[in-house]
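# just coords:
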Ligand SMILES: NC(=O)N[C@@H](CC(=O)O)C(=O)O
Ligand SMILES: [Zn+2]
Ligand SMILES: [Zn+2]
């Protein structure tokens, strides 16, 4: 019998971009309506590199929350060539900063202050090992001669394998994985290595991005790969392996920045993230694996309590708006103007 209703422990989003300023209050409810907590990315302009900046940003997020929404932002620090061990200790002691984010310099949106050589971060990584603080990794090499579709695989070979050998007990999340190679690497690595998977990488492949015209709102980094990689990600997400958990990488950009000659990277999915994951798991015949992926394995990895409230979804089609407000402009969400086949009924304490 087809499942019509799904009640899950309330999920968390382990990879989210909320941006800053006026847009915060336009964005935060999209996530907080569904998720109880989210790991908030630090790639602001300028990046969040101090505990003080992280705590101030956290307060701005909380101040932007509509009344009645129970949501906790989990903050991160942006790893630079000069992030000190003292700053990491301070961040950890604050109780609100839960991870440090590693962007290779130039790899993605707002990554200019990222790491130029990972050796520069070794002292910081020693401290993180000691504190049990996770390193969150945007895993792509930036060498101009490496093909964009091979950049994740090359990063595993050039950076991740040596990093795991040098810091075997470092907690690490390989963020937004896009390839069979990454899924295989994570599966074979020790228990302190995990990965997040986005809804777009489960639902789409590069044909959706490029065949019949380029679809800028499906362009994110790491870029969508071929369908065999998509299949490997679906298999990983629905395997019941605790190393794979939910991280949307919802990354809003104003419409003019996406629909232009040189459009920026990032897909916005926060308006319907859990519903999109439900579709992907449903298509794979694995709805029974969704709860652990969305609500258990993330908090278990981060050493946090699982949520106690629940969320209910119905099998029901609805039309996604063509756009949402964003600053003085708009943003175009995933599935804009099309249907999604699961709908959230509500959250129950
Ligand atoms: N994923 C993206 O394509 N973009 C993200 C940055 C990131 O997560 O790499 C963004 O901040 O826009
Ligand atoms: Zn990234
Ligand atoms: Zn991201």
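The structure has been received and is ready for your questions. The shown structure was predicted, so the numbers you read here are calculated from the model rather than taken from an experiment. Numbers count the residues shown, from 1 in each chain. Ligands and ions are numbered 1, 2, ... in the order given.
# excluding chain neighbours, what is closest to residue 236?
Sequence neighbours aside, residue 183 is the residue nearest to residue 236 in space, at 4.1 Å (criterion: Cβ to Cβ, 6 or more residues apart in numbering). Bear in mind the C-beta positions are built from the backbone N, C-alpha and C, glycine included.
# my bad, should have said residue 349
In this structure, residue 349 finds its nearest non-sequential neighbour in residue 309, 5.0 Å apart by Cβ to Cβ, 6+ apart.
# just residue 240 next, same as before
By the measure of Cβ to Cβ, 6+ apart, the closest residue to residue 240 outside its immediate chain neighbours is residue 289, 5.4 Å from it.
# residue 339 too?
By the measure of Cβ to Cβ, 6+ apart, the closest residue to residue 339 outside its immediate chain neighbours is residue 317, 4.7 Å from it.
# the one you found is in contact with residue 341, isn't it?
Yes: using Cβ atoms under 8 Å as the test, residue 317 is close enough to residue 341 to be in contact (5.0 Å).
# neighbour count winner among the two?
Between residue 317 and residue 341, counted using other Cβ atoms under 10 Å, residue 341 has the larger neighbour count: 15 against 10.
# helix or strand: which one has the more buried one?
In this structure, residue 341 sits in strand 339-348 according to DSSP states H and E.
# helices or strands next to that strand in the packing?
Packed against strand 339-348, as judged by 3 or more Cβ pairs under 8 Å, 6 or more residues apart in numbering; DSSP states H and E, are the following elements: helix 273-283, strand 310-319.
# out of those, nearest to residue 326?
In this view, the helices and strands packed on strand 339-348 are compared for proximity to residue 326 by Cβ to Cβ, and helix 273-283 is the closest at 16.7 Å.
# chain center to the closest one, what's the gap?
Its chain's C-alpha centre and that of helix 273-283 lie 16 Å apart, by Cα atoms, centre = their mean, to the nearest Å.
# buried sites along it?
For helix 273-283, a neighbour-count test (16 or more other Cβ atoms under 10 Å) marks 273, 274, 275, 276, 277, 278, 279, 280, 281, 282 as buried.
# was I right about the fifth one contacting residue 291?
No: the pair residue 277 / residue 291 is not scored as a contact, 10.7 Å apart, by Cβ under 8 Å.
# from the buried residues of helix 273-283, which is closest to residue 250?
Each of the buried residues of helix 273-283 was checked against residue 250 using Cβ to Cβ; the closest is residue 273, at 6.4 Å.
# mind listing what the closest one touches?
By Cβ atoms under 8 Å, 6 or more residues apart in numbering, the contact set of residue 273 is 13, 31, 34, 35, 199, 246, 248, 250.
# the second one touches residue 252, doesn't it?
Translated: residue 31. No: counting by Cβ under 8 Å, residue 252 is not a contact partner of residue 31; they are 10.8 Å apart.
# tell me the spacing between residue 87 and residue 126.
Applying Cβ to Cβ, to the nearest Å, one obtains 14 Å for the distance of residue 87 from residue 126.
# who has more neighbours out of these two?
Set side by side, residue 87 and residue 126 show unequal neighbour counts under other Cβ under 10 Å, the larger going to residue 87 at 21 against 15.
# wait, the more buried one touches residue 50, no?
Yes: counting by Cβ under 8 Å, a contact exists between residue 87 and residue 50, whose distance comes to 6.2 Å.
# which neighbours do the two share?
Between them, residue 87 and residue 50 share the contacting residues residue 77, judged by Cβ under 8 Å, 6+ apart.
# thinking again about what came up before, next up, the contacts around the residue nearest to residue 339.
Going by Cβ under 8 Å, 6+ apart, residue 317 touches 339, 340, 341, 343.
# next, count neighbours for the second one.
The reference is to residue 340. Per other Cβ under 10 Å, the neighbour tally for residue 340 reads 19.
# can you name the residues that contact it?
Applying Cβ under 8 Å, 6+ apart, the residues near residue 340 are 272, 275, 276, 279, 317, 318, 320.
# got a markdown table for these, with distance to ligand 1 and pLDDT too?
As requested, the contacts of residue 340 are exported to a markdown table (distance: Cβ to the nearest ligand atom, whole Å; pLDDT from 0 to 100):
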| residue | distance to ligand 1 | pLDDT |
| --- | --- | --- |
| 272 | 17 | 98 |
| 275 | 20 | 98 |
| 276 | 16 | 99 |
| 279 | 20 | 98 |
| 317 | 28 | 98 |
| 318 | 26 | 98 |
| 320 | 20 | 98 |
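# since that was my last question, I'll sign off now.
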